[in-house]
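Visitor: Quick one: sequence and predicted model below, then my questions.
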Amino acid sequence: MRTINRDQIKENTKELKNLLKKQKKKQLTFRVQMLILLKENPKMTLKEVSNLLPVSYSTLQRWCGYYKEGGLEKLLQWNVEGYKGKLSEEQLEELKEEIKTGRFSTQKEIIQWIYERFGVKYSQQGMSDLLRKLKVKKKTGRPVNIKKDYKQEEEFKKIFKEKVKENKDKDIFFLMNQDLD
């Protein structure tokens, strides 16, 4: 089993523990914990450290290499970028403009348009995720009862306005399905 030269770790344990507390990225905390374990336990091997941390032996070797190359600064660099998506920023802008025109009624229509325009395929779930990211919500009407009587509604509104005018200084209470007269 291979060990790392503890003299190469310039920081003392107290500094490393303070750094660990200040660390905001969980992925980087394991790197600092590796240094603490190696500094506090001079005979501990990287294999033993890999058993204590949720990190593979080869990853620990790579991290040790980073530390040897550039110290803590190099070890604590985080150069991971998230998934950028299938469409470029320009394509997303064009899609937003096309959606604003009201051309689409379903996600399938948007999927088809993107495929025809940009040659990019989307699944139904992928499109749903993209539209959520773009903050596009489907338009839905308010539900209306199919038995609704529009004449009765107009009559109710008319009578209600009259009652409000007559009794502006009073609270108005009424029972539904009964005449107001």
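Guide: Received it, and whenever you're ready, just let me know what you need.
Visitor: Skipping adjacent residues, who's closest to residue 17 in space?
Guide: Computed as C-beta to C-beta, 6 or more residues apart in numbering, the closest residue to residue 17 that is not its neighbour in sequence is residue 36, at 6.5 Å. In short, each C-beta sits where N, CA and C put it, glycine included.
Visitor: Surely the one you found touches residue 14?
Guide: No. With contacts counted by C-beta atoms under 8 Å, residue 36 stays clear of residue 14, the gap being 10.0 Å.
Visitor: Show me which of the two is the more surrounded one.
Guide: A count of neighbours by other C-beta atoms under 10 Å puts residue 36 above the other of residue 36 and residue 14, at 18 against 8.
Visitor: Could you tell me which residues within the lengthiest helix in the chain count as buried?
Guide: Across the chain, the helix with the greatest residue count (assigned by DSSP state H) is helix 57-75. Across helix 57-75, burial judged by 16 or more other C-beta atoms under 10 Å covers 57, 59-60, 63-64, 66-67, 72, 75.
Visitor: Contacts for it next, please.
Guide: Taking contacts as C-beta atoms under 8 Å, 6 or more residues apart in numbering, the residues outside helix 57-75 that touch it are 4, 8-11, 19, 31, 34-35, 46-47, 49-50, 53, 77.
Visitor: Quick check on the residues you listed: which are buried?
Guide: Among the contacts of helix 57-75, those classed as buried by neighbour count (16+ other C-beta under 10 Å) are 4, 9, 11, 19, 31, 34-35, 46, 49-50.
Visitor: any weak-confidence spans in this protein?
Guide: Under the criterion of pLDDT under 70, the regions of the chain flagged as low confidence span 1-4, 139, 171-181.
Visitor: what's the residue nearest the centre of it sitting at in phi/psi?
Guide: The geometric centre of the chain, computed from its C-alpha atoms, lies nearest to residue 133 (C-alpha atoms, centre = their mean), at 8.5 Å. In this entry, residue 133 is assigned phi and psi values of phi -60, psi -40 (degrees, to the nearest 10).
Visitor: any idea which element residue 44 lies in?
Guide: When secondary structure is defined by DSSP states H and E, residue 44 falls outside every helix and strand.
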